[in-house]
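A.B. asks: Quick check, what structure comes out for this input:
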Amino acid sequence: MTYTNIMLENQDAIRIITVDHPPANTWDLVTVEAFEQVIDDVEKDSDARVVIVTGAGDKCFSAGFDVKDAANASLISPKARGLWTRIDRFSKPVIAALNGYALGGGLELAMSCHFRIMVDAPKAKLGLTELNLGIIPGWGGTQRLPRIVGRSRALDMILFSRMLTAREAFEAGLVNQVTPPERLMDDALELAQKLAERPPIAVSCVLKAMAAGEYEGLERGFEVEAEGSARVRDSNDCIEGFQAFLEKRRPAFTGT
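C.D. replies: Residues are numbered from 1 along each chain as shown. Next up is the predicted model:
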């Protein structure tokens, strides 16, 4: 299936989503709606275990909102905000492969992913620079940035439209790994493969429990954790995990 401004590639259990809307991989209404369709398809794909999101080209992950589609801003913002939250709560691990700068809504998308790998390049920077335009981050940035880097650092970044290099972002905990540009997709695929080899049901239960605690409160998080614990105990992967441990071999999880 083809999508406007979005590419989807399958590599075994890994799905690679590439935002391809030149020159800066920005988000207009058409692109947001195409991304929504891709997410629908990947979520229903029982063979997909891990997702990688990246930008086309070698300079830009995403510069955020497409100002050329300002007429649809009132439609784009709530849709993008909901989609980014859907990624944050996705039941399969999502890795952001940051191939260049990520600004505004682009960084907000990256922050909704579960892991972030960023290229170490002079022009690769991360920032929520909306205040330079007299507006504020509106696709979840005011909530996710302090959750990741802390309130004081987030206020400094947002109120002064401060951008971080890859190394600064790593030190702040905003990215998990920094890599040379030529290694980005190799490193992202290596991480994705390691995640794909983990027990899929258990991985999904962990993601759901964490998301429930963050979005619905601690008590609900405990409830979802308990539900997940009961579910994995009845899985074939649980039997395989214990058998592999006793037999001193590597487990082969099937997601059943």
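
A.B. asks: All the helices of the stretch 101-250 of the chain, residue numbers only.
C.D. replies: Assigned by DSSP state H, counting those that start in this stretch, the helices in the stretch 101-250 of the chain fall at 105-112, 141-149, 151-159, 166-172, 184-196, 200-216, 218-233, 236-247.

A.B. asks: between the ones you listed, which one is nearest to Val94?
C.D. replies: The closest of the helices of the stretch 101-250 of the chain to Val94 is helix 105-112. By CB to CB, the value is 7.8 Å. (C-beta placed from N, C-alpha, C; glycine too.)

A.B. asks: what's that closest one in contact with?
C.D. replies: 25-27, 53, 55, 60-65, 80, 84-85, 87-88, 94, 96, 98, 102, 116, 126-128, 137, 139-141, 144-145, 148, 174 (CB atoms under 8 Å, 6 or more residues apart in numbering).

A.B. asks: if you skip the residues just before and after it, what's nearest to Gly127?
C.D. replies: Spatially, and ignoring its direct neighbours in sequence, Gly127 is nearest to Met163 (3.5 Å; CB to CB, 6 or more residues apart in numbering).

A.B. asks: Report how many residues lie close to the one you found.
C.D. replies: Counted with other CB atoms under 10 Å, residues neighbouring Met163 total 18.

A.B. asks: Relative to Tyr101, how far out is it?
C.D. replies: 8 Å (CB to CB, to the nearest Å).

A.B. asks: Overlap in contacts, these two.
C.D. replies: With CB under 8 Å, 6+ apart as the test, Met163 and Tyr101 both reach 125-126.

A.B. asks: Please tell me the pLDDT value assigned to the residue nearest to Gly127.
C.D. replies: At Met163, the predicted lDDT confidence score is 98.

A.B. asks: same deal with Lys92?
C.D. replies: 98.

A.B. asks: which SS state does it fall under?
C.D. replies: coil (DSSP: H, G, I helix; E, B strand; the rest coil).

A.B. asks: So what does it look like in phi/psi?
C.D. replies: phi -120, psi 140 (degrees, to the nearest 10).

A.B. asks: Between helix 200-216 and the helix or strand bottoming out on mean pLDDT in the chain, find me the angle.
C.D. replies: Lowest on mean pLDDT, DSSP states H and E among the helices and strands of the chain sits helix 236-247, with a mean of 93. Going by axes from the mean of the first three to the mean of the last three CA atoms, to 10 degrees, helix 236-247 is angled at 120 degrees with respect to helix 200-216.
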